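Peer 1: need coordinates for the below:
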Amino acid sequence: MAVLRVKFTKSQRDKLAQVLWLLNWVSVVTGIILFSLGLFLKVEINKRRELMAERAIHSVPNMLIAVGLIACIINFVGGKICYDCVDTNKFLRWKLVMLPYIICTFFFTLCVLVGALMCYSMHGELEESLALGLSDAMRYYKDTDTPGRCFLKRTIDLLQIQFQCCGNKGHRDWFQIQWISNRYLDMSKQEVLDRLRSNVEGKYLMDGVPFSCCNVNSPRHCIQYQLTNNSAHFNYDYKTEDLNLWKRGCHQALVEYYTNIMHSIGLTVLLIWLFELSVLTGVRYLQTALENVLRQGDPESESDGWLLENSFVETARSNFNIIKNLGKCNQVDTTVNGDPNIDKPCTAHYGPDNVPPKQTPVAS
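Peer 2: Numbering: from 1, shown residues only. Just a heads-up that it's a prediction; the model follows:
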């Protein structure tokens with residue numbers, strides 16, 4: 001029994017072909033949108049690639065770019081097929097192509113769905129990549145004279161100002177690293193030498209943060225040094241004072257930023273998947289309806305269209321048997337003794353006359 005059988009008249013088949021022709025061209029536009037979304041996401045990731053560790057986060061934009069290009073090609077071909085299907089005679093040119101085309105398009109729609117799900121499933125890898133990348137970038141903040149790292153100070157300062165954040169998880173992350181280069185430390189001061197010697201690794205650690213951590217909305221001037229020293233500032237209590245620094249860590253800020261982008265893209269891709277699936281369903285109905293017209297031999301007659309000729313269970317069982325029989329094609333039929341030639345008659349030749357020699361009796 002066919003699944004979701006629908007009866008089509010000649011005019012309904014023609015209208016369906018015309019609508020599908022138009023929808024395939026709309027699908028070409030959706031393919032361009034997928035390509036553009038992937039390209040946009042790739043650019044956004046590359047903008048801050050110095051703040052990310054090497055992870056598989058580039059697989060999402062690459063997937064969207066590839067799917068977008070394939071969508072343009074598949075739907076362009078689909079538009080040509082549907083345009084020719086208005087004429088039953090022209091359909092004969094595509095008759096053998098339509099089923100493979102539908103199968104390829106079905107797997108393509110699965111790729112679109114996978115792309116949408118990837119946008120929602122990359123949260124964990126994104127968090128880990130940003131956590132490691134930000135930690136490394138903060139450690140190299142002071143290396144303004146080192147080739148390959150001299151730009152990181154500017155990058156982090158712009159990041160903290162633009163996203164209104166401070167540190168990786170918070171402002172205290174700056175207390176655990178040396179973010180001032182030795183080049184700008186006055187080694188003639190005993191205080192500087194004592195601070196360097198007090199650290200096992202010889203780092204100049206202090207309870208201060210870069211200027212980019214300062215909250216510009218605070219009415220008080222920025223306190224960025226000796227943050228934990230209450231006596232160093234007038235009317236100041238570190239434990240109770242509402243610090244005039246950005247409270248949010250940059251890790252949280254970037255995760256929220258990229259998560260919002262990926263969720264928006266994921267929703268758009270999901271809607272495109274539903275649209276592509278509806279177009280594929282229409283093409284399947286058109287293909288089965290036109291094939292039934294050819295069987296009947298009357299182009300003006302009504303015909304049935306369906307998604308599957310048999311039920312889901314019967315179709316699955318039939319496909320399973322086909323795969324099972326393919327595995328048996330190359331097997332050799334053996335008997336109990338395991339000799340494949342046991343049932344074959346003897347084909348030995350005994351010379352040109354093919355007469356077996358006489359047996360010589362053995363003397364006892």
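
Peer 1: could you use CA atoms for every contact and neighbour count after this?
Peer 2: OK.

Peer 1: any idea how far Met118 lies from Cys111?
Peer 2: When distances are taken as Cα to Cα, to the nearest Å, Met118 and Cys111 turn out to be 10 Å apart.

Peer 1: so between these two, which is more surrounded?
Peer 2: Neighbour comparison, Met118 and Cys111: the larger count goes to Met118, with 20 against 17 (by other Cα atoms under 10 Å).

Peer 1: and the more buried one, what pLDDT?
Peer 2: pLDDT recorded at Met118 is 90.

Peer 1: ok, now Gly202?
Peer 2: Model confidence at Gly202, given as pLDDT, is 80.

Peer 1: for it, helix, strand, or coil?
Peer 2: Three-state call for Gly202 (DSSP: H, G, I helix; E, B strand; the rest coil): coil.

Peer 1: ok, it touching Leu193?
Peer 2: No - taking contacts as Cα atoms under 8 Å, Gly202 lies outside contact range of Leu193: 9.6 Å.

Peer 1: for burial, what's the neighbour tally of Lys239?
Peer 2: Using other Cα under 10 Å, Lys239 is surrounded by 9 other residues.

Peer 1: got the phi/psi numbers for Gly208?
Peer 2: phi -140, psi 170 (degrees, to the nearest 10).

Peer 1: gap between the residue nearest to it when sequence neighbours are not counted and Thr109?
Peer 2: Excluding the flanking residues, the one nearest Gly208 by Cα to Cα, 6 or more residues apart in numbering is Tyr225, at 4.2 Å. Using Cα to Cα, we find Tyr225 at a distance of 57 Å from Thr109.

Peer 1: show me which of these two is the more surrounded one.
Peer 2: Shown here are Tyr225 and Thr109; by other Cα under 10 Å, Thr109 has more neighbours (21 against 15).

Peer 1: contact partners for that one?
Peer 2: Trp273, Glu276, Leu277 (Cα atoms under 8 Å, 6 or more residues apart in numbering).

Peer 1: got it, and Pro210?
Peer 2: Contacts for Pro210 (Cα under 8 Å, 6+ apart) come out as Asp157, Gln224.

Peer 1: count of neighbours near Glu276?
Peer 2: The tally of other residues near Glu276 (other Cα under 10 Å) stands at 25.

Peer 1: mean confidence for whichever strand or helix holds it?
Peer 2: Here Glu276 sits within helix 250-296, counting by DSSP states H and E. When the per-residue pLDDT values of helix 250-296 are averaged, the result is 90.
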